[in-house]
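Peer 1: The sequence and its predicted three-dimensional model are supplied below.
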Amino acid sequence: MLRSMYAGVSGMKGFQTKLDVIGNNISNVNTIGYKKSTINFQDLLSQNMSGGGANPMQVGLGASTGAINVNHNAGSSMTTGVGTDLAMMGDGFFIVQNPDDVGTDGGQYLTRAGNFTVTNEGNLVNPQGYNVMGFTNTAAQGDDFVAGDLEAIVINPNDYDSFSINRAGEVIGKAADGTETILFGLGISNPENPTGLNKFGGSLYEMTGGASALGINAQTVEGANTSVASGMLEMSNVDLTEEFTEMIIAQRGFQANSRTITTSDEILQEVVNLKR
């Protein structure tokens, strides 16, 4: 009976964690670029009642949280008409750099949230003010884009009246006389195991060794075998119907485990009351 009580407690704790995950998903249903999390459970150690033989007798001791994974499936795209709003049309992440923490992979983060803006100085930045990173164009005027160094994307307002970003991730500046020049190519990171990324907050991810042994490993949009849509944003991939269904399952599971504890308590009370 005590085993059943402890098993019930472990089950209640697990479903509490499940509700925490569901609640966080629902709260981010409208967060740009948010990727929902899912939780998996695993059984705890089993107590052997009798060992050996073809069919050993074992009693389980409850459940525990096995993993909380991030689902990196693409969310739906929303048209905004804003030229600096970008949506990744495939795998990969935009690379942003904290201007106060520069260095080799220092201060660099990945994100699917493409709600970028341009500062007065011409820097393309995310809502936190982090610079969007891209490859400089080393090709001669009029030639195709040739990737150079990875740097912060800056469109000098003194040289260019406007700019645009095409599906290949090329940042094209337009001068007052109508001349167009490819200035940058967006930097894209495509880790082998996106679920290994560490959520940093602000729709940002930190690179970890579990996500990629090569680090951020910036590539061009073409090199990452993807494309970029300007004037669109990728929304959250949270499905409210699925989340509410999982919430009901978690609620009933919590109630069932609490009933296990209540029933075990009633039986213990009967044992105590055997002798009066």
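Peer 2: Arrived safely. Residues are numbered from 1 along each chain as shown.

Peer 1: which stretches of the stretch 101-250 of the chain form strands?
Peer 2: For the stretch 101-250 of the chain, the strands defined by DSSP state E, counting those that start in this stretch occupy 108-111, 117-118, 124-125, 131-137, 147-152, 162-165, 170-174, 180-186, 188-189, 198-201, 204-206, 228-230, 232-234.

Peer 1: which secondary structure elements does the fourth one contact?
Peer 2: Using 3 or more Cβ pairs under 8 Å, 6 or more residues apart in numbering; DSSP states H and E as the contact criterion, the neighbours of strand 131-137 among helices and strands are strand 93-97, strand 124-125, strand 147-152, strand 180-186. (Each C-beta comes from the backbone N, C-alpha and C, glycine too.)

Peer 1: In CSV, list those along with mean neighbour count, mean pLDDT and distance to T138.
Peer 2: As requested, these are exported to CSV (neighbours: other Cβ atoms under 10 Å; pLDDT from 0 to 100; distance: least, Cβ to Cβ, whole Å):
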stretch, mean neighbour count, mean pLDDT, distance to T138
strand 93-97, 25, 96, 19
strand 124-125, 22, 96, 19
strand 147-152, 15, 90, 4
strand 180-186, 21, 93, 10
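
Peer 1: Nearest to T262, out of these?
Peer 2: Set against T262 and scored by Cβ to Cβ, the helices and strands packed on strand 131-137 come closest in strand 93-97, at 47.9 Å.

Peer 1: hang on, isn't L233 packed against G114?
Peer 2: Yes. Between L233 and G114 there is a contact at 6.0 Å, judged by Cβ atoms under 8 Å.

Peer 1: so which of the helices and strands packed on strand 131-137 comes closest to K18?
Peer 2: Going by Cβ to Cβ, the one of the helices and strands packed on strand 131-137 nearest K18 is strand 93-97, 27.4 Å.

Peer 1: gap between N25 and K18?
Peer 2: 11 Å (Cβ to Cβ, to the nearest Å).

Peer 1: got any ranges where the protein has weak pLDDT?
Peer 2: For the chain, the stretches with pLDDT under 70 are 1, 51-53, 102-106, 140-143, 276.

Peer 1: all helices of this protein, in order?
Peer 2: Counting by DSSP state H, the chain has these helices, from start to end: 2-27, 240-272.

Peer 1: Enumerate every residue touching the spatially closest residue to G11 that is not a sequence neighbour.
Peer 2: Spatially, and ignoring its direct neighbours in sequence, G11 is nearest to N257 (3.6 Å; Cβ to Cβ, 6 or more residues apart in numbering). Applying Cβ atoms under 8 Å, 6 or more residues apart in numbering to N257 gives the contacts A7, G8, V9, G11, M12, F15.

Peer 1: what do you get if the cut-off is 10 Å, keeping everything else the same?
Peer 2: For N257, the contact set (Cβ atoms under 10 Å, 6 or more residues apart in numbering) comprises S4, A7, G8, V9, S10, G11, M12, K13, G14, F15, G62, A63.
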